Structure formats: C-alpha cells, structure tokens
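**Q** quick one, structure for this:
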Amino acid sequence: MERSSLEINLPDTREEGKLYVVDSLNNLNKLNVCPDGSQHALDEEETTAGTGENTAESNIRNQCLFFVIFILTLIISLALVSFVIFLIIQTRNKMDQISSGLISEKQNIEELKIMNNMILKHLNQSSIKE
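**A** Numbers count the residues shown, from 1 in each chain. Below you'll find the model as predicted:
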C-alpha cells in the first residue's frame, strides 16, 4: 500500500494525544486540499474551542436545575409530612371522641344493671310476701 505524505509514525501515546494528533492532521489536510475553505476550518476550530464555555454554562444550568428540583422535593416532602401530622391529629381527636362515648355508654350500662338488680330484688321481695 502507498503511504501518503501526511502519514507519520506516531509514538505510543495516550488515546487523547492520538486523537489530538489525528485531528491536527485532518485540519492540516483540509487546509492543504482546499485553501478557500481554510477560513471555514478555522471557524470550526474556534467554535469547538468555545464549547468549553458552553459546557461550563451547561454545568451551571444543570446545577441550578438540580438545586431547584431539590428545593421542590423538600417543599413537597414538607407538605406531605404536614398532611400526615394533620391526619394523625384528626384521628386522635376522633378516637378521643369515640372512647369518651364508650365510657359514657359503659356508665349507662352500669346504671341499667344497678336498676335491673333493684327491680329484681323488689320483685323477689314482693313474691316472698305473697
């Protein structure tokens, strides 16, 4: 196979270094092949260099979005906890009402038992007299 004049034996470097060298060779090839498009190639290189700023802005946006979602989650959690506490208090009040009603019914039943015993005693005494 023929070797082009742009191929170079590269020493073993890290992958990033290899990619950088390959990109540089591609850019050099573009400049040599189409000199009219050289400005376009430089413009592309400048825009790719500006992506660092875009990623920084993207990171800031992601952090802000995370912070907003975190705050919303805290607010929703607080609302749910407050609602659960409200339900617990309401349930406690209902249980107090029911237990006080049961206590008063128990007292009524005790009074009825006492009256029933009194009536039975009276009936037993009146049947003995006869």
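
**Q** element containing residue 99?
**A** helix 51-129 (DSSP states H and E).

**Q** please read off the pLDDT at residue 16 from the model.
**A** We have a pLDDT of 65 for residue 16.

**Q** actually residue 13, sorry about that
**A** 49.

**Q** how many residues are close by residue 93?
**A** 10 (other CB atoms under 10 Å). C-beta here means a position set from N, CA and C on the backbone, and glycine is covered the same way.

**Q** tell me the mean pLDDT for the helix holding residue 99?
**A** For helix 51-129, the per-residue pLDDT averages 91.

**Q** check which helices and strands it sits against.
**A** Helix 51-129 is packed against no helix or strand, with contacts defined by 3 or more CB pairs under 8 Å, 6 or more residues apart in numbering; DSSP states H and E.

**Q** all further residue positions should be reported with the first residue as 28.
**A** Got it, first residue is 28 now, which makes that one helix 78-156.

**Q** buried ones in stretch 92-104?
**A** Using 16 or more other CB atoms under 10 Å as the test for burial, stretch 92-104 gives no buried residues.

**Q** then stretch 121-134?
**A** Applying 16+ other CB under 10 Å to stretch 121-134 flags no residue as buried.

**Q** now stretch 132-150
**A** Buried residues in stretch 132-150 (16+ other CB under 10 Å): none.

**Q** mind exporting the C-alpha coordinates of it to PDB?
**A** The C-alpha coordinates for stretch 132-150 follow below in PDB (Å, rounded to 0.1, in the frame of the first residue of the first chain):
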ATOM      1  CA  GLU A 132     -72.200   4.200  77.400                       C
ATOM      2  CA  LYS A 133     -70.400   1.900  79.900                       C
ATOM      3  CA  GLN A 134     -71.600   4.200  82.700                       C
ATOM      4  CA  ASN A 135     -75.200   4.000  81.300                       C
ATOM      5  CA  ILE A 136     -74.900   0.200  81.100                       C
ATOM      6  CA  GLU A 137     -73.700   0.000  84.700                       C
ATOM      7  CA  GLU A 138     -76.600   2.200  85.900                       C
ATOM      8  CA  LEU A 139     -79.000  -0.100  84.000                       C
ATOM      9  CA  LYS A 140     -77.500  -3.100  85.700                       C
ATOM     10  CA  ILE A 141     -78.000  -1.500  89.100                       C
ATOM     11  CA  MET A 142     -81.600  -0.600  88.300                       C
ATOM     12  CA  ASN A 143     -82.200  -4.100  87.000                       C
ATOM     13  CA  ASN A 144     -80.800  -5.600  90.200                       C
ATOM     14  CA  MET A 145     -83.000  -3.300  92.200                       C
ATOM     15  CA  ILE A 146     -86.100  -4.300  90.200                       C
ATOM     16  CA  LEU A 147     -85.300  -8.000  90.600                       C
ATOM     17  CA  LYS A 148     -84.800  -7.500  94.400                       C
ATOM     18  CA  HIS A 149     -88.100  -5.700  94.600                       C
ATOM     19  CA  LEU A 150     -89.900  -8.400  92.600                       C
END
